[in-house]
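Q: no FASTA, just this:
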């Protein structure tokens with residue numbers, strides 16, 4: 001009988017040892033009994049998901065975990081998100097990620113990036129703000145599309161891809177002027193960004209957020225641009241059909257290009273309050289008819305970007321208790337299940353952004369089979385995975401081993 005395949009990704013779970021945790025990483029400090037049980041069934045190792053020549057974004061890292069060489073297939077983050085929204089980019093269209101962010105002037109008048117997520121603005125609030133920005137977008141030759149929470153999309157027909165842009169989550173607390181200079185050199189982008197700041201700064205919704213002690217989403221930030229990639233599907237490459245389950249448009253769009261069905265799970269937020277149970281149910285249901293499921297949890301990464309140690313440990317424990325445990329229980333009736341559990345990249349608390357180091361993974365060749373005859377000592381962590389001595393220099397190689405190719 002054909003095997004079933006499931007990939008479980010805790011985005012940004014990897015980290016460095018922290019003084020606040022007694023010299024442990026969040027993975028080492030978190031209680032993860034369900035993952036620990038899987039360690040006894042499988043094999044730990046490290047995989048380099050981000051090539052040396054590329055930035056350590058979730059787009060690059062998850063493309064790698066899905067078995068695609070990002071050096072060959074990656075064109076930018078925003079085109080993947082466009083696919084998630086159902087947008088078909090023309091050959092000359094350039095898509096940009098368009099974040100709603102919070103900028104703040106300090107005591108000496110320097111404008112800094114206070115929050116890359118616009119105070120974790122809700123999707124309903126964000127859609128109201130994006131609607132208010134439509135005139136500014138259209139008048140400057142762009143199309144603006146609402147997404148989820150702070151994540152939106154700007155499409156520039158005939159635009160440029162060679163503009164140096166910076167992810168806003170990489171510059172939390174930093175002065176924004178140096179990072180805006182390349183954008184400001186493009187008259188249309190400059191005009192749109194300036195017009196958006198004027199509209200958002202005076203919007204009633206933001207005035208209400210301030211009155212309630214919340215950060216306003218008072219600016220837009222464009223980045224991650226690119227044209228539509230050309231990728232073969234997993235069906236074409238490996239004979240696999242399946243689903244992509246994530247709250248993040250980037251992952252759902254990556255799934256679209258890989259030929260996976262993007263599953264919409266009500267209440268999937270990308271934070272600690274996400275609908276874990278709905279995601280698990282969607283994966284198990286899909287595997288009844290299809291052979292592959294990629295289940296992505298964003299919350300550990302968000303905690304890493306916030307520099308919140310307690311929230312990151314909590315997110316990892318929720319991943320173990322509310323995803324890994326129920327998934328393994330729910331797949332017991334399948335004769336053969338191969339499981340890959342990984343973090344896509346490190347998001348160290350001390351850095352508040354991604355780094356390119358190799359990441360730990362756990363490969364279980366038979367989820368419902370006996371324990372391994374030579375399990376790795378200890379649980380799932382950066383140090384134990386490194387000590388195991390099993391290493392892949394790219395995700396494509398690991399994926400081929402995972403599917404038994």
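A: Nice, I can see it. Bear in mind the structure is a predicted one, so any value in this text is a computation, not a measurement.
Q: which residues in the chain form strands?
A: 4-10, 43-47, 93-105, 111-115, 143-148, 151-157, 219-226, 242-245, 261-263, 292-297, 337-342, 359-364, 391-392 (DSSP state E).
Q: and the shortest one, what's its mean pLDDT?
A: Per-residue pLDDT over strand 391-392 has a mean of 98.
Q: try the fifth one
A: Confidence over strand 143-148 (mean pLDDT, whole number) is 93.
Q: same for that strand, what does it pack against?
A: helix 123-132, helix 134-139, strand 151-157 (3 or more CB pairs under 8 Å, 6 or more residues apart in numbering; DSSP states H and E). In short, each C-beta sits where N, CA and C put it, glycine included.
Q: which residues touch residue 190?
A: Neighbouring residues of residue 190 by CB atoms under 8 Å, 6 or more residues apart in numbering: 183, 184.
Q: Could you do residue 350 as well?
A: 16, 18, 307 are the contacts of residue 350 under CB under 8 Å, 6+ apart.
Q: which ones are touching residue 334?
A: Here residue 334 is in contact with 4, 287, 367, 368 (criterion: CB under 8 Å, 6+ apart).
Q: typo on my end, residue 235
A: 241, 259.
Q: ok, back up a step: mark which of the contacts of residue 350 are buried, thanks.
A: 18, 307 (16 or more other CB atoms under 10 Å).
Q: want to throw the contacts of residue 350 into CSV with pLDDT and distance to residue 38?
A: Listed next are the contacts of residue 350 as CSV, based on pLDDT from 0 to 100; distance: CB to CB, whole Å:
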residue, pLDDT, distance to residue 38
16, 98, 24
18, 98, 24
307, 94, 29
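Q: In this structure residue 60 contacts residue 75, no?
A: No. Contact criterion CB atoms under 8 Å: residue 60 and residue 75 do not qualify, at 11.0 Å.
Q: Neighbour count: these two, which is higher?
A: residue 60 (23 against 19; other CB atoms under 10 Å).
Q: Quick check: pLDDT value at that one.
A: At residue 60, pLDDT is 96.
Q: And the residue lying closest to it once chain neighbours are set aside, how far from residue 293?
A: Counting by CB to CB, 6 or more residues apart in numbering, residue 70 is the residue found nearest to residue 60 once chain neighbours are left out, at 4.5 Å. Distance of residue 70 to residue 293, computed by CB to CB, to the nearest Å: 22 Å.
Q: ok, now residue 194?
A: 44 Å.
Q: more neighbours, these two?
A: residue 293 (26 against 14).
Q: Surely the more buried one is in contact with residue 6?
A: Yes. Between residue 293 and residue 6 there is a contact at 4.8 Å, judged by CB under 8 Å.
Q: so how many other residues sit close to residue 5?
A: Neighbours around residue 5, by other CB under 10 Å: 24.
Q: same question, the one 4 residues further on
A: Around residue 9 sit 29 other residues, with neighbours defined as other CB under 10 Å.
Q: Check which residues of stretch 362-378 are buried.
A: Buried, per 16+ other CB under 10 Å, within stretch 362-378: 362, 363, 364, 365, 367, 376.
Q: how far out from the middle of the chain is stretch 198-212?
A: 28 Å (CA atoms, centre = their mean, to the nearest Å).
Q: let me redo that: stretch 240-257
A: 11 Å.
Q: Equivalent analysis for stretch 333-347, please.
A: That offset, for stretch 333-347, works out to 16 Å (CA atoms, centre = their mean).
Q: That stretch: which residues count as buried?
A: Quick answer for stretch 333-347 (16+ other CB under 10 Å): 334, 337, 338, 339, 340, 341, 342, 343, 344, 345, 346, 347.
Q: measure the residue nearest the centre of the chain to residue 276 for me?
A: Centroid-nearest residue in the chain: residue 58, 4.7 Å away (criterion: CA atoms, centre = their mean). Distance from residue 58 to residue 276, counting by CB to CB: 19 Å.
Q: From residue 366, how far off is residue 284?
A: Residue 284 is 18 Å from residue 366, by CB to CB.
Q: hmm, I was thinking of residue 252
A: 29 Å.
Q: what about the stretch 251-400 of the chain, any weak spots by pLDDT?
A: 373-376 (pLDDT under 70).
Q: sorry, back to before: can you pull the contacts of the residue nearest to the centre of the chain?
A: 11, 12, 77, 248, 250, 251, 301, 344, 345, 354.
Q: for stretch 281-292, the distance to its chain's centre please.
A: Per CA atoms, centre = their mean, the centroid offset for stretch 281-292 relative to its chain is 21 Å.
Q: same deal with stretch 53-64?
A: For stretch 53-64, the distance to the chain centre is 10 Å (CA atoms, centre = their mean).
Q: quick revisit: what residues are shared contacts of residue 293 and residue 6?
A: Shared contacts of residue 293 and residue 6, counting by CB under 8 Å, 6+ apart, come down to 283, 287.
Q: May I see the buried residues of stretch 333-347 organised as TSV, with distance to residue 24 added?
A: Converted to TSV, the buried residues of stretch 333-347 look like this (distance: CB to CB, whole Å):
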residue	distance to residue 24
334	35
337	31
338	30
339	25
340	24
341	19
342	20
343	16
344	21
345	20
346	15
347	16
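Q: ok, of those residues, which one's closest to residue 64?
A: residue 344 (7.9 Å; CB to CB).
Q: Settle this for me: that closest one is touching residue 62, isn't it.
A: Yes. With contact defined as CB under 8 Å, residue 344 and residue 62 form a contacting pair (5.1 Å).
Q: which residues do the two both contact?
A: Joint contacts of residue 344 and residue 62 (CB under 8 Å, 6+ apart) are 9, 49.
Q: Hmm, residue 52 is touching residue 356, no?
A: Yes. Counting by CB under 8 Å, residue 52 does reach residue 356; the two are 7.2 Å apart.
Q: which of those two has more neighbours?
A: A side-by-side neighbour count of residue 52 and residue 356, using other CB under 10 Å, places residue 356 first with 17 against 7.
Q: ok, the more buried one touching residue 57?
A: No. Look at residue 356 against residue 57 with CB under 8 Å: they stay out of range, at 10.1 Å.
Q: quick one: common contacting residues for the two?
A: residue 345.
Q: can you tell me how far the closest residue in space to residue 87 that isn't next to it in sequence sits from residue 223?
A: Excluding its sequence neighbours, the residue lying closest to residue 87 (CB to CB, 6+ apart) is residue 145, at 6.5 Å. Relative to residue 223, residue 145 is positioned 16 Å away (CB to CB).
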